[in-house]
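# Below are the sequence and a predicted model; questions follow.
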Amino acid sequence: MPLMLSERPQKLIPEILDNLPADHPDAVQSRQDIRAFNRALGNWRWFSKVLPRRVGPVEKILEIGAGTGELCGRIDRHGLWADGLDLAPRPPQFSAARVWHQTDLFNFKGWADYPVVIGNLFFHHFDSAQLAELGRHLNQHARLIVVGDLRRGRLQQYFFAALARALRANHVSRHDGWVSVGAGFRGHELPKMLGLDPKRWQWKMPAHFFAYRMIAERRS
């Protein structure tokens with residue numbers, strides 16, 4: 001596996017899972033591995049802690065790249081409204097009371113309905129031009145953006161490799177995780193790539209060795 005670069009790569013390496021049928025055994029196992037990674041990172045717990053403090057009672061949340069819909073389900077249990085958006089079909093366990101948008105992110109037309117947008121292990125899939133395009137929608141419509149992603153670094157890649165071995169992750173998860181960490185973020189890269197103007201937005205980057213986290217709120 002190649003070492004990551006000090007700067008975020010302009011051309012991202014494709015991930016194996018993105019090109020596997022959803023019912024392929026390697027894909028099924030990889031999704032189970034991702035659940036284990038999320039538990040190890042504490043991402044779902046972090047979202048469940050951050051959002052209830054900042055989301056109003058009538059505000060709708062949109063999770064982009066919602067995947068299996070499990071994070072939306074956890075958020076629902078806190079009395080919040082969380083809909084999902086993903087290229088994948090609506091998961092069988094996803095709440096019938098919530099909306100599932102099966103569409104490409106860049107063809108989505110419903111941004112105005114969601115003042116709160118979140119993403120878990122998702123933003124690192126996009127290059128600079130795509131993040132800038134996504135940022136145009138968020139700048140226009142969002143009030144709060146909460147992101148849990150991956151911190152880029154050599155130590156982080158080696159930490160992931162050790163974690164993958166400990167969890168007995170399959171070859172898809174080992175490859176994709178290494179690639180994902182190499183495509184992660186450092187410092188204030190993500191808000192800058194999204195084009196968030198510090199005169200209009202304030203953001204926090206909670207410290208974490210492995211996770212890259214951002215809470216961005218529009219200034220009143």
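The structure has been received and is ready for your questions.
# got the phi/psi numbers for the nearest residue to Asp176 once chain neighbours are set aside?
Once flanking residues are discounted, Asp176 sits nearest to Glu15: 4.2 Å by CB to CB, 6 or more residues apart in numbering. Quick note: C-beta positions are derived from backbone N, CA and C, even for glycine. Here is the backbone geometry of Glu15 (degrees, to the nearest 10): phi -100, psi 140.
# How about the helix or strand of the chain with the lowest mean pLDDT, which residues are buried there?
In the chain, no helix or strand scores lower on mean pLDDT, DSSP states H and E than helix 25-41, which sits at a mean of 89. Judged by neighbour count (16 or more other CB atoms under 10 Å), helix 25-41 contains these buried residues: Ala27, Gln29, Ser30, Arg31, Asp33, Ile34, Ala36, Phe37, Asn38, Leu41.
# Could you export these as TSV, including distance to Gly84?
Formatted as TSV, the buried residues of helix 25-41 follow (distance: CB to CB, whole Å):
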residue	distance to Gly84
Ala27	19
Gln29	22
Ser30	19
Arg31	15
Asp33	21
Ile34	16
Ala36	21
Phe37	19
Asn38	16
Leu41	20
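# wait, doesn't Gln93 sit right on Gly69?
Yes. Taking CB atoms under 8 Å as the definition, Gln93 is a contact partner of Gly69 at 6.7 Å.
# Between these two, tell me which one has more neighbours.
Shown here are Gln93 and Gly69; by other CB atoms under 10 Å, Gly69 has more neighbours (23 against 9).
# Run through the residues that contact the more buried one.
Gly84, Arg90, Pro91, Gln93, Phe94, Trp100 (CB atoms under 8 Å, 6 or more residues apart in numbering).
# try it again with 6 Å
Gly84, Pro91, Phe94 (CB atoms under 6 Å, 6 or more residues apart in numbering).
# By neighbour count, which of the residues you listed wins?
Neighbour-wise, the contacts of Gly69 (other CB under 10 Å) top out at Gly84, 27 neighbours.
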